[in-house]
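Colleague: Sequence unavailable; structure follows:
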DNA sequence: TGCGGTCTCCACCGGCAGGAGGATCCCCGC
DNA sequence: GCGGGGATCCTCCTGCCGGTGGAGACCGCA
């Protein structure tokens, strides 16, 4: 397909499994297994030395586990870093989320059919991502639960606020005092207090702390936006 | 494969596209197209009337868009509700996230190969999820960025807090007053004030509002957990 | 045994927040 | 033209919050 074959590094603590994967992959002309690692520590070193395009990584391993290894491999040089395709025996949420944060480009169950594995490696090497269907299901569920609903970001009450009030609310949710908000908006502190008071009344809240919480819970402001 | 074929409802405002999909799907013995809808409003009605297993939903449509329609279709009876497989022309983040929240079970680009579409429908009807690789990439990126890192939830400072202090902080982040926290923890308000004061000092914050914000930003508490 | 850390509690005080009540200005729609 | 809503500003007052300083009890570790 391409002139240069896809360079793959196999990482698994079971030599037998590595051999199995190697046989599957070497049957493909566009894929070349450039190395094998028996634990996470070695995987990190090998990834650095061999510069593979894709790392096929078992998640459960001695010494440094797959998540740690993934973090170190993907964390180095974001652009040129190898893509990590994580293999799990079971679709444990725990590991999946962790590996995700660590920068993995995909997740497959170990019982994946040979042809799917090959396809996945090609997909990942292109820069896209692959997730086993059953795991995808869980990811979507997590996503959905974490962002409660599409209209809850504007739970009726929030819509009743004026633009200015909403503006003040977001500043409250950043920990600003009334004086600071006043300075930010170039108005008097009294005005700010009026707005804050209106917000509290309209939303049925007691104090600015609850207002800040409300801002986060409603999606008006989001973590990381700071 | 199964005794009962998978019942599919096609939703797209372009009749030509519907016809194309119908031809592809009817070639499969285990899939039966039970209806077609030209807009979101009709789709919701048809889904109710025809009780399909899978709804193939275009996201951009007149009247009621695909996201709205998805929400209404999946929202009804969570268990028996049809699975919604969303089709997008481009991999627009906007729509994907919205559809996700709305309860979609999958996303495919419209240029998907026929065989992949068929496979996806089977996968979704099983209760699993399918996402096009390029979209999966974006989802994973969003996920990673939303949960910055594995250790950032404990940004050093948070680790300096005692268990009790962390406990108090989470309650502050729920909008509780000192008196309420005292009642909750069955201690005197004085004690609570001490803890809160310690938290503020240790984290370098000014007041409980900033503490609440910090709790959200650090990941100690998360939206939706309320 | 003694030290340090944590949790618990108290009194006192200054300050900002939030409620009540009223006021002006501007813009928009009837 | 007139009413209504929004934004702006003011004063007075109450109360909770947060800071300071101090103290006793418990636990674990040296």
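Modeller: Cool, got the structure. Note that the coordinates shown come from a computational prediction; the quantities given were computed from them, not determined experimentally. Residues are numbered from 1 along each chain as shown, chains lettered A, B, ... in the order given.
Colleague: Domain parsing of chain A, as residue ranges.
Modeller: A:6-145, A:157-218 (automatic domain parsing).
Colleague: Farthest from the middle of chain A: give me that residue.
Modeller: Going by CA atoms, centre = their mean, the residue of chain A most distant from its centre is residue A:190, 42.9 Å out.
Colleague: Mind checking what secondary structure that residue has?
Modeller: The local conformation at residue A:190, judged by DSSP: H, G, I helix; E, B strand; the rest coil, is helix.
Colleague: follow-up on the earlier one: quick one: which of the domains of chain A is nearest residue B:19?
Modeller: domain A:6-145 (28.1 Å; CB to CB). Bear in mind the C-beta positions are built from the backbone N, C-alpha and C, glycine included.
Colleague: So what's the gap between the closest one and the chain middle?
Modeller: 15 Å (CA atoms, centre = their mean, to the nearest Å).
Colleague: Show me the shaky parts of chain A.
Modeller: A:1-3, A:62-63, A:75-79, A:91-94, A:142-157, A:159, A:225-226 (pLDDT under 70).
Colleague: which residues in it form strands?
Modeller: Listed in chain order, the strands of chain A (DSSP state E) span A:6-11, A:31-37, A:54-58, A:83-88, A:106-109, A:130-131.
Colleague: Go through stretch A:126-139 and flag the buried ones.
Modeller: By 16 or more other CB atoms under 10 Å in any protein chain shown, the buried positions in stretch A:126-139 come out as A:128, A:129, A:130, A:131, A:132, A:133, A:134, A:135, A:136, A:137, A:138, A:139.
Colleague: Where helices are concerned, which of those count?
Modeller: A:133, A:134, A:135, A:136, A:137, A:138, A:139 (DSSP state H).
Colleague: Closest one of those residues to DNA strand D?
Modeller: residue A:139 (37.7 Å; CB to the nearest atom of the strand).
Colleague: on that earlier part again, how about the ones in helices among the buried residues of stretch A:126-139 in CSV, adding distance to chain B?
Modeller: Formatted as CSV, those follow (distance: CB to the nearest CB, whole Å):
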residue, distance to chain B
A:133, 4
A:134, 5
A:135, 8
A:136, 4
A:137, 4
A:138, 8
A:139, 7
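Colleague: OK, contacts around residue A:89?
Modeller: A:60, A:109, A:110 (CB atoms under 8 Å, 6 or more residues apart in numbering or on different chains).
Colleague: sorry, back to before: for residue B:194, find the nearest of the domains of chain A.
Modeller: domain A:157-218 (18.3 Å).
Colleague: How about residues contacting stretch A:180-199?
Modeller: Residues outside stretch A:180-199 that contact it (CB under 8 Å, 6+ apart) are A:161-162, A:164-165, A:167-169, A:171-172, A:176, A:178-179, A:205, A:208, A:211.
Colleague: Buried subset of these as a PyMOL selection?
Modeller: Remark: buried members of the contacts of stretch A:180-199, expressed as a PyMOL selection using 16+ other CB under 10 Å:
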select buried, chain A and resi 161+164+165+168+169+171+172+176+178+205+208+211
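Colleague: For stretch A:182-202, buried residues please.
Modeller: A:182, A:185, A:192, A:195, A:196, A:198, A:199, A:200.
Colleague: now, which of the residues you listed lie within helices?
Modeller: A:182, A:185, A:192, A:195, A:196, A:198, A:199, A:200.
Colleague: Show me which residues of chain A are close to DNA strand D?
Modeller: Listed as neighbours of DNA strand D in chain A under the rule CB under 7 Å from any atom of the strand: A:162-165, A:182, A:185, A:187-191, A:193-195.
Colleague: What is the neighbour count of residue A:4?
Modeller: Here the number of neighbours of residue A:4 (other CB atoms under 10 Å in any protein chain shown) works out to 9.
Colleague: What separation do you get for it and residue A:53?
Modeller: 9 Å (CB to CB, to the nearest Å).
Colleague: what do you get for residue A:206?
Modeller: Residue A:206 is 56 Å from residue A:53, by CB to CB.
Colleague: Ok, residue A:38 next?
Modeller: Residue A:38 is 21 Å from residue A:53, by CB to CB.
Colleague: returning to what we had before: and the domains of chain A as TSV, adding distance to residue B:30?
Modeller: Listed next are the domains of chain A as TSV, based on distance: least, CB to CB, whole Å:
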stretch	distance to residue B:30
domain A:6-145	17
domain A:157-218	44
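Colleague: For residue B:20, find the nearest of these.
Modeller: From the domains of chain A, taking CB to CB, the stretch that ends up closest is domain A:6-145, at 24.5 Å.
Colleague: Between the two ends of stretch A:173-184, how far is it?
Modeller: One end of stretch A:173-184 sits 14 Å from the other (CA to CA, to the nearest Å).
Colleague: Nothing else from me, thank you.
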